[in-house]
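K.L.:
Next come a sequence and a model predicted from it.
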Amino acid sequence: MALSTRQKKIMNRLHEVNSVLSSADITSLFNVTVQTIRKDLNELSELGLVRRVHGGISLPSSNQNLSFSNRTVMNLAAKQNIARKVVELLPENSSIFLGIGTTPQQVALALLDHPGLTVVTNNINVALTLCHNANIQTHLAGGKVRINDQDMMGPDTIEFLAKFNIQFGVFGVGGLNQKGQLLDFSPEESSVSRTIIENSATRILVVDHTKFERYAPVISGVLDDIDYLIMDVISEPIYEHCKHFDIEIFEVGSEARGESC
């Protein structure tokens, strides 16, 4: 089910406040009735995107991730802007890791017309997307399929990824905190992030602003492990960390640009 424009705005506002959003705040924001908003909130709850609480909604439990299909529709314009910047940075005939998550999927869509790529991934949707260009060599890791996340995980996945010496590692994380730590939701996810970091000459972290101060229990690395940070909106603490570690940053904005990937 695709989210309506109002539902997308509700989700974006909920991530901005990163707390409880009351029904009264939402009705005031959109100048609609409680009955109208109740339908939106019920649908968002049924999709698992929000949790109903007394008087409003909150984000789901912070120590687990949403399903891939639900994450796909969230902050889409920001992810597309991030993807476009990645494409600008990659020279022709590059070798690339593309990690798990919906932002790397948007990168894959933006790369479809990029000449002569070799892409290594454990992201099933990335591999399916790149199959539409016969001039892109795509290597998909084996392993255990995570149905909700639509990717491959486990020792076989790590063994496969570790065989490659890649020029550009493009990956996301579950969370990014004020200490500059890169966070993931499971040791398996963390292992993939670490393998990409350790086997890439240039490391590119792609995250939208909702990942900042989002809790995830596993530390996969620190900002000092990356070379480029591409975000829609960059907070002051993250900017200072990047400046300290001489990381190149690109703030691309979260508004749609009137074009699709």
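P.N.:
Cool, the structure landed.
K.L.:
hey, let's count contacts and neighbours off CA atoms from now on
P.N.:
Will do.
K.L.:
Surely L223 touches G180?
P.N.:
Yes. L223 lies in contact with G180 (CA atoms under 8 Å); the separation is 5.4 Å.
K.L.:
Common neighbours of these two, please.
P.N.:
Listed as contacting both L223 and G180 by CA atoms under 8 Å, 6 or more residues apart in numbering are H241.
K.L.:
mind listing what H114 touches?
P.N.:
Contacts of H114 by CA under 8 Å, 6+ apart are V87, E92.
K.L.:
Please identify the helix or strand for it.
P.N.:
Using DSSP states H and E, H114 maps to neither a helix nor a strand.
K.L.:
start at 580 instead
P.N.:
Yep, numbering from 580; the last one is H693 now.
K.L.:
Report the separation between it and G634.
P.N.:
Applying CA to CA, to the nearest Å, the value for H693 to G634 is 49 Å.
K.L.:
Give me the neighbour count for Q684.
P.N.:
The number of residues packed near Q684 is 25, by other CA atoms under 10 Å.
K.L.:
which non-adjacent residue is nearest it?
P.N.:
Distances taken as CA to CA, 6 or more residues apart in numbering put V705 closest to Q684, at 5.1 Å, once the chain neighbours are dropped.
K.L.:
now do the same end-to-end measure for stretch 771-790.
P.N.:
18 Å.
K.L.:
For the stretch 580-729 of the chain, just list every one of the strands.
P.N.:
Here the stretch 580-729 of the chain has its strands, by DSSP state E, counting those that start in this stretch, at 600-601, 630-632, 635-637, 674-677, 697-700, 716-719, 723-725.
K.L.:
And the stretch 730-840 of the chain, by the same measure?
P.N.:
730-732, 745-750, 754-755, 760-763, 779-786, 797-801, 807-810, 827-830.
K.L.:
Just grab the bridge partners of R630 for me.
P.N.:
S637 (DSSP bridges).
K.L.:
Quick check: it vs P639, distance?
P.N.:
Taken as CA to CA, the span from R630 to P639 is 5 Å.
K.L.:
Settle it for me: which of these two has more neighbours?
P.N.:
Higher neighbour count among R630 and P639: R630, with 18 against 15, using other CA under 10 Å.
K.L.:
Contact partners for that one?
P.N.:
So R630 contacts S624, I636, S637, L638, P639 (CA under 8 Å, 6+ apart).
K.L.:
separation between it and T681?
P.N.:
21 Å.
K.L.:
nearest spatial neighbour of the residue nearest the centre of the chain, skipping sequence neighbours?
P.N.:
Most central in the chain under CA atoms, centre = their mean is T682, positioned 4.0 Å from the mean C-alpha point. Spatial nearest neighbour of T682, chain neighbours left out: K658 (5.4 Å); criterion: CA to CA, 6+ apart.
K.L.:
count of neighbours near the one you found?
P.N.:
30.
K.L.:
Test my guess that it contacts G680.
P.N.:
No. Counting by CA under 8 Å, G680 is not a contact partner of K658; they are 10.8 Å apart.
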